[in-house]
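Q: model this:
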Amino acid sequence: MLDNLRNNLRDAIKKIVKSSGIDEELIKELSKDVQRALLQSDVNVRLVLEITKQLEARSLNETPPPGLSRKDHIVKILYDELAKLLGKETDFDFKPNKQNKIIMLGIQGSGKTTVTAKLAKFLTKQGYSVGVIGADTYRPGALVQLKTMCEKSNVEVYGEPNNKDSPDIVKNGLKHYENLPLDIIIIDTAGRHKEEKD
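A: Below is the predicted model of the structure:
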């Protein structure tokens with residue numbers, strides 16, 4: 001899902017970058033491409049309309065700052081609007097001398113397991129000591145995937161392949177890690193299906 005979003009947004013930006021000139025029609029086309037990409041990734045319709053409305057208004061009305069081409073300015077506007085939706089990069093504010101916990105939540109297939117492993121690798125490179133709990137009991141192979149990916153970063157993964165009780169796995173995992181000198185514990189969970197009503 002995230003790969004599709006990235007590819008669709010990249011294709012939309014390529015149209016702007018490769019165009020010979022920027023006009024209102026091209027900006028509206030970019031707006032429609034962005035809408036399509038976000039809606040296919042299950043972003044709330046209201047948010048999509050808000051983002052693309054701002055994208056159009058700013059692209060048509062703002063004058064690029066000195067040294068920035070109009071094309072680059074439009075790409076920056078798109079980045080700014082998406083950053084408002086997703087949040088900008090910020091420094092982590094983990095409490096020292098304490099095991100900080102991060103729980104991964106989201107729709108099935110949204111990339112939680114992959115992001116868990118990448119986040120563990122990133123945090124390890126930042127100097128944090130990280131442990132991971134694999135509590136996705138619904139997707140076959142989730143724990144194996146998590147262990148394989150985290151192994152590359154020397155991050156331990158706690159999991160119970162024969163236990164189907166996610167809260168129990170998390171409780172046991174936290175107990176397993178409680179006396180280890182870890183800064184952060186990341187918990188990978190099972191995703192919710194997008195059609196669930198509760």
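Q: only C-alpha atoms from now on, for both contacts and neighbour counts.
A: Noted.
Q: residue 51 and residue 22: what is the separation?
A: For residue 51, the distance to residue 22 equals 19 Å [CA to CA, to the nearest Å].
Q: who's more crowded, those two?
A: Higher neighbour count among residue 51 and residue 22: residue 51, with 21 against 15, using other CA atoms under 10 Å.
Q: wait, that one sits on residue 81?
A: Yes. Counting by CA atoms under 8 Å, residue 81 is a contact partner of residue 51 at 5.9 Å.
Q: all strands for the chain, in order.
A: For the chain, the strands defined by DSSP state E cover 100-104, 130-135, 156-158, 184-189.
Q: so who does the residue nearest to the spatial centre of the chain touch?
A: The structure's the chain has its C-alpha centroid closest to residue 115; by CA atoms, centre = their mean the separation is 7.0 Å. If you count contacts by CA atoms under 8 Å, 6 or more residues apart in numbering, residue 115 has none.
Q: from residue 140, how far off is the residue lying closest to residue 16 once chain neighbours are set aside?
A: Among residues not flanking residue 16 along the chain, residue 71 sits closest, at 6.4 Å (CA to CA, 6 or more residues apart in numbering). Separation of residue 71 from residue 140 (CA to CA): 45 Å.
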